[in-house]
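Undergrad: What follows is a protein structure lacking sequence information:
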């Protein structure tokens, strides 16, 4: 599929939204813009109490704040210690990973501008793009790709961002976004010998979206 010069990836999501079939929703609802996580069960007082508990452990507070979309807290911590942008937990997840799987677009953007490592890997070799795609956060995935994330990055189990999105019935827009990438290798197989198309075919009706891929991608 050919795209004009200066093509905006998110335009494709708007123009082809009607192609996304209705599938079984996962436990995580796909978010359009990524900053609308429902945290209504917690009050501002609760958040402040949690931050107070973590104030003596900046790394833990940073990771928690990125996951919970506490942008002001993250910005304050980065002002005091810019290296916290690349701190990580025992599994290697950085603030950028946590913001990505939470679908927090503004947080992801702020972390990238603060020097967060776009290519940071967990102990299982997940990069932030894997996290965003696994949970179907198309806007966040687009942001990471525009910053230069590797669209064909492999995890320890040889999972690509596209394969992870293909396993989520609510990730149709993310699949479309990834299929629009000129450098995508859609036919890569995971350690079980499956392609993203194979995964989508047994997971939802999103396998139909693979018709949008360029013939040279060898999607099957």
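TA: Cool, the structure landed. Worth saying up front: this structure is predicted, and the values here are computed from it rather than measured.

Undergrad: Every contact and neighbour count from this point should use C-alpha atoms.
TA: OK.

Undergrad: Identify the nearest residue to residue 54 in space, disregarding sequence-adjacent positions?
TA: Excluding the flanking residues, the one nearest residue 54 by CA to CA, 6 or more residues apart in numbering is residue 61, at 5.3 Å.

Undergrad: That neighbour reaches residue 55, doesn't it?
TA: Yes. Using CA atoms under 8 Å, residue 61 is in contact with residue 55, at 6.6 Å.

Undergrad: ok, the most centrally placed residue in the chain to residue 44 distance?
TA: For the chain, the residue nearest the mean C-alpha position is residue 132 (1.0 Å; CA atoms, centre = their mean). Relative to residue 44, residue 132 is positioned 26 Å away (CA to CA, to the nearest Å).

Undergrad: cool, residue 194 as well?
TA: Distance, residue 194 to residue 44, using CA to CA: 45 Å.

Undergrad: quick one, which of the two is more surrounded?
TA: residue 194 (16 against 10; other CA atoms under 10 Å).

Undergrad: Now for the more buried one: which residues touch it?
TA: Residues near residue 194 by CA atoms under 8 Å, 6 or more residues apart in numbering: none.

Undergrad: Which of the three states applies to it?
TA: Secondary structure assignment for residue 194 (DSSP: H, G, I helix; E, B strand; the rest coil): coil.

Undergrad: What of residue 183?
TA: At residue 183, secondary structure determined by three-state DSSP is coil.

Undergrad: does it really touch residue 151, like I thought?
TA: Yes. With contact defined as CA under 8 Å, residue 183 reaches residue 151; the gap is 7.4 Å.

Undergrad: In this structure, what helix or strand scores lowest on average pLDDT?
TA: In the chain, no helix or strand scores lower on mean pLDDT, DSSP states H and E than helix 9-15, which sits at a mean of 44.

Undergrad: ok, which stretches of the protein are helices?
TA: For the chain, the helices defined by DSSP state H occupy 9-15, 44-54, 58-67, 71-80, 95-102, 105-113, 128-134, 138-146, 161-166, 172-179, 196-203.
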